[in-house]
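Engineer: Return a 3D structure for these sequence lines:
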Amino acid sequence: MKKTIAVKIKKRRNFLPTLMATIIFWGGWGWLVYSFPPSSPFLILAFGTLLWLAVFLTSGLIFGNSKIGALVACWLLLFLIFRYFKIGNILNLSLLTIIFFLLAFSFYKRVT
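Structural biologist: Alright, predicted model coming up:
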């Protein structure tokens, strides 16, 4: 019983720094979108990096699992890359979703 309480306290200890980093990354992403036009490859790379970090931390906090957070962030970023290259149709979206659901299911099955 004492061990489970220590594990819960350890998991809660990282919540506030992660929440602060999430707010900073969402703010940085919003500032980048609002302030700069997407004219150079560096800005597109910064857009993707800030968005991935913000979505990763947000979904990691929501789901309580960083692997699922990374999968959600990769799914969103890949879909936006598909849209950038004008191949983001419903078929690619559904295939991408199926692939990431299977990956998430395999991660979840390995953990339990």
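Engineer: So which residues of the protein form helices?
Structural biologist: Counting by DSSP state H, the chain has helices at residues 2-13, 15-35, 41-63, 66-84, 90-111.
Engineer: Let's have those in a markdown table, adding mean neighbour count and mean pLDDT.
Structural biologist: Where you see a C-beta, it was placed from the backbone N, CA and C, and this is true even at glycine. Listed next are the helices of the chain as a markdown table, based on neighbours: other C-beta atoms under 10 Å; pLDDT from 0 to 100:
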| stretch | mean neighbour count | mean pLDDT |
| --- | --- | --- |
| helix 2-13 | 9 | 62 |
| helix 15-35 | 13 | 95 |
| helix 41-63 | 17 | 94 |
| helix 66-84 | 16 | 94 |
| helix 90-111 | 12 | 88 |
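Engineer: What distance do you get for Ile68 to Ser106?
Structural biologist: 12 Å (C-beta to C-beta, to the nearest Å).
Engineer: How about Leu45?
Structural biologist: 30 Å.
Engineer: OK, contacts around Ala21?
Structural biologist: 53, 57 (C-beta atoms under 8 Å, 6 or more residues apart in numbering).
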